[in-house]
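**Student:** Fold the following and give me the result.
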Amino acid sequence: MYDLLNDAIFIQAGTQLTPYPPSYVFSDVDAGDRHFFTLDCGQNTRYFSFDTTNGAISFGRAVDVDGGAPRQTSCKVKVYDQGHLSDSADLYITVYDVNDNAPRFDQKYYTYSLSPGVTPGTVVGLITLTDADLTSPHNAIGRLWFENEPKDANGQEYFSYNNVTKEFTVAQNLSQYFFGSYLEFQLKARDLGSPQLEATANIVILFEPVDLTFKFA
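**Tutor:** Numbers count the residues shown, from 1 in each chain. So this is what the prediction gives:
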């Protein structure tokens with residue numbers, strides 16, 4: 001007679017799951033009987049290694065929920081004796097997402113040509129920022145800021161970025177700059193995961209006699 005109890009495992013993606021000794025227990029009135037275990041997790045069985053002598057479970061391959069690995073898996077564990085009598089228990093495995101992807105700009109370098117007389121509010125271009133982590137807060141952007149960007153006399157930045165519309169925009173009058181001059185600075189992003197991860201985009205503004213109106217008609 002057997003009494004095989006249900007069990008649950010909670011692990012983080014990217015964590016090496018060393019052989020996990022089962023906390024499910026069983027009893028057998030036949031003293032000295034030998035036993036072996038089986039594991040059936042359906043199509044997800046391939047993610048795990050299983051010791052048939054004691055029921056210990058470990059990862060059989062890399063598990064990344066951002067790459068499509070299952071976050072929750074239901075398995076059936078069975079124990080057999082030498083006479084092929086058996087009992088079974090349900091095993092539930094939950095893999096938690098971790099912050100293993102930094103935010104990412106669609107380019108590392110952005111170069112734009114502007115006229116010093118461009119009107120504030122003009123959209124210079126679109127900058128796409130994404131995060132490949134599957135769940136919040138790991139895929140949420142917590143902070144966006146410019147580094148090494150000159151500011152006007154009132155401490156206001158000359159440019160702005162909206163992560164919802166993806167628009168990189170002229171925010172202040174640029175008439176103090178002249179044709180042939182340029183600005184170089186960085187746009188940085190930090191996610192809300194733990195640990196917090198960052199991304200950097202380098203932006204170069206060339207002041208030239210150009211007309212941007214045709215780009216955003």
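
**Student:** Show me what the host helix or strand of residue 75 pairs with in its sheet, parallel or antiparallel.
**Tutor:** Using DSSP states H and E, the element containing residue 75 is strand 72-81. Note on strand 72-81: by DSSP bridges, its sheet partners are strand 35-40 (antiparallel), strand 86-96 (antiparallel).

**Student:** so for it, what's the average pLDDT?
**Tutor:** The average of the pLDDT scores along strand 72-81 is 88.

**Student:** again with stretch 90-99
**Tutor:** What stretch 90-99 shows for mean pLDDT is 83.

**Student:** Now do the buried residues in that stretch.
**Tutor:** Using 16 or more other C-beta atoms under 10 Å as the test for burial, stretch 90-99 gives 91, 93, 95, 97, 98, 99. C-beta: built from backbone N, CA, C; applies to glycine.

**Student:** Distance of the second one relative to residue 114?
**Tutor:** In this view, residue 93 and residue 114 are 54 Å apart by C-beta to C-beta, to the nearest Å.

**Student:** Next: the third one.
**Tutor:** Separation of residue 95 from residue 114 (C-beta to C-beta): 48 Å.

**Student:** who touches the residue nearest in space to the middle of the chain in this structure?
**Tutor:** Closest residue to the average C-alpha location of the chain: residue 133 at 1.6 Å, with C-alpha atoms, centre = their mean. By C-beta atoms under 8 Å, 6 or more residues apart in numbering, the residues touching residue 133 are 66, 97, 99, 100, 101, 139, 191, 193.

**Student:** Can you tell me which of the residues you listed end up in strands?
**Tutor:** Secondary structure defined by DSSP state E assigns residue 191 of these to strands.

**Student:** Between the contacts of residue 133, which sits nearest residue 209?
**Tutor:** Nearest to residue 209, judged by C-beta to C-beta, of the contacts of residue 133 is residue 191 at 39.5 Å.

**Student:** Isn't that closest one up against residue 141?
**Tutor:** Yes - contact status for residue 191 versus residue 141: in contact at 5.9 Å, counting by C-beta atoms under 8 Å.

**Student:** okay, how far is it across stretch 133-147, tip to tip?
**Tutor:** One end of stretch 133-147 sits 25 Å from the other (C-alpha to C-alpha, to the nearest Å).
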